[in-house]
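**Q** make a model of this:
(2 chains)
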Amino acid sequence: MLTTLTLNHFLVLGAILFCIGLYGTIAKRNAIAVLMGIEIMLNAVNVTLVGFSLFNQVPAYRGLLTGQIFAIFIITVAAAEAAVALAMVIAIYRRRKTVDVGEIDIMKF
Amino acid sequence: MDFATLLFWILAIVMVVAALAVVTMRNIVHSAMALFFMFALAAGVYVLARAEFIAIVQILIYGGAITVLILFALMLTRIGGQRRTNPTNRTWPVALLVCLLVGGSILYALLSSPLAVSQTLPASVPMDPLNNVARIGLLLYSPSQYSYVLPFEIASIVLLVAIVGAIVIGRED
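**A** Numbers count the residues shown, from 1 in each chain, chains lettered A, B, ... in the order given. Coordinates of the predicted model:
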């Protein structure tokens, strides 16, 4: 069962990485550590999509590489998201001298 | 066990350890270094899955750009005199419970649902006449055949808006 590469290898690796990223996103107090958790989650999704692309054996769709194209667009959006989010973190730090997500509560009432 | 599977296991185990280091390290700069390591290993997994273009893009964008961006943000938001720069919430057991539940449900769905794609590779995969990079180039740019030209152009607008937004948000006023 474990001697050749199967789709489940990629899917289980993606699931484990996704859970680790989710833990980092929920449990961390530094806003940049939360962003690192989000990046791990996006990478986990990319691993899953590339695995699906490898094991897609339908002749009509095999050449279209849909999973890899999806992964490229996810990487694009992740880069945009990281740039905007880090700019927000720096702007918040400049105004409030903290990046602790527990202390940034101006939108809480 | 063939060579590709052995390589996959090594990459996967080190990748999970690096990801755990990202969320457990006390010093956030060490977390960022572990994150870079995880991105590089993910590129190895993509090469094993015959996605060479994604592997190169992973190294360039994640390993190069996003890691450096994170390190710059860490440098600009230093809080002096603090030993533990990457603290965890008091409610971390709740977070652990939530992500174990999510992981359990993902694995349950995985094992109980019929997949639309085959589980194993056939003995002889027909070789694509073009290599991976050329195939993706055709799929992204080709105006005459089935391609993703319009989503590609929209992605460039998304990037432009993100650049302008990051400058406007991060500007000193």
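
**Q** do you know how far the closest residue to residue B:2 other than its chain neighbours is from residue B:55?
**A** Across the structure, with Cβ to Cβ, 6 or more residues apart in numbering or on different chains as the measure, the residue nearest residue B:2 apart from its sequence neighbours is residue A:4 (6.4 Å). Heads up, the C-betas are built off the backbone N, CA and C, glycines and all. When Cβ to Cβ, to the nearest Å is applied, the distance between residue A:4 and residue B:55 equals 21 Å.

**Q** ok, these two, which is more surrounded?
**A** In terms of neighbours (other Cβ atoms under 10 Å in any protein chain shown), residue B:55 is the more surrounded of residue A:4 and residue B:55; the figures are 21 against 12.

**Q** quick one, helices of chain B?
**A** Counting by DSSP state H, chain B has these helices, from start to end: B:3-24, B:28-48, B:52-57, B:67-76, B:92-112, B:132-141, B:149-170.

**Q** which of the helices and strands in chain A ranks last by mean pLDDT?
**A** For chain A, using mean pLDDT, DSSP states H and E, the weakest element among its helices and strands is helix A:59-62, scoring a mean of 76.

**Q** in the helix or strand following that helix, what's buried?
**A** On the C-terminal side of helix A:59-62, the nearest following helix or strand under DSSP states H and E is helix A:66-96. Taking 16 or more other Cβ atoms under 10 Å in any protein chain shown as the neighbour-count basis, helix A:66-96 is seen to contain the buried residues A:67-76, A:78-93.

**Q** can you give me phi and psi for residue A:30?
**A** Residue A:30 adopts backbone torsions of phi -80, psi 130, taken as degrees, to the nearest 10.

**Q** so what's it up against?
**A** The neighbours of residue A:30, taking Cβ atoms under 8 Å, 6 or more residues apart in numbering or on different chains as the test, are A:99, A:100, A:101, B:28, B:85, B:86, B:87.

**Q** let's see 6 Å
**A** By Cβ atoms under 6 Å, 6 or more residues apart in numbering or on different chains, residue A:30 lies in contact with A:99, B:28, B:86.

**Q** send me stretch A:7-14 as CSV with only the CA atoms.
**A** The C-alpha atoms that make up stretch A:7-14 are tabulated as CSV, following Å, rounded to 0.1, in the frame of the first residue of the first chain:
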residue,chain,number,x,y,z
LEU,A,7,-2.9,10.3,-4.6
ASN,A,8,-3.5,9.8,-0.8
HIS,A,9,0.1,10.7,-0.1
PHE,A,10,-0.4,14.2,-1.5
LEU,A,11,-3.9,14.6,0.0
VAL,A,12,-2.8,13.6,3.6
LEU,A,13,0.3,15.8,3.4
GLY,A,14,-1.9,18.7,2.3
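
**Q** from residue B:172, how far out is the residue nearest to the spatial centre of chain B?
**A** Of all residues in chain B, the one closest to the mean position by Cα atoms, centre = their mean is residue B:39, 6.1 Å from it. Distance check for residue B:39 against residue B:172: by Cβ to Cβ, it reads 31 Å.

**Q** same deal with residue A:78?
**A** Per Cβ to Cβ, residue A:78 is found 27 Å from residue B:172.

**Q** repeat for residue B:157
**A** Taking Cβ to Cβ as the measure, residue B:157 and residue B:172 are separated by 27 Å.

**Q** now do residue B:65
**A** Separation of residue B:65 from residue B:172 (Cβ to Cβ): 23 Å.

**Q** quick check: phi and psi on the spatially closest residue to residue A:29 that is not a sequence neighbour?
**A** Nearest in space to residue A:29, with sequence neighbours left out and distances taken as Cβ to Cβ, 6+ apart, is residue B:87 at 4.8 Å. With angles defined as degrees, to the nearest 10, residue B:87 shows backbone torsions of phi -70, psi 160.

**Q** what comes into contact with the helix-or-strand element of chain B with minimal mean pLDDT?
**A** Across the helices and strands of chain B, the lowest-confidence element by mean pLDDT, DSSP H and E is helix B:132-141, at a mean of 89. Under the contact criterion Cβ under 6 Å, 6+ apart, helix B:132-141 has outside partners A:69, B:52, B:53, B:147, B:148, B:152.

**Q** contacting residues for the fourth one?
**A** Taking Cβ under 6 Å, 6+ apart as the definition of contact, the neighbours of residue B:147 are residue B:139.

**Q** in chain B, which segments are predicted with low confidence?
**A** For chain B, applying pLDDT under 70 flags the ranges B:79-84, B:116-118, B:122-127.
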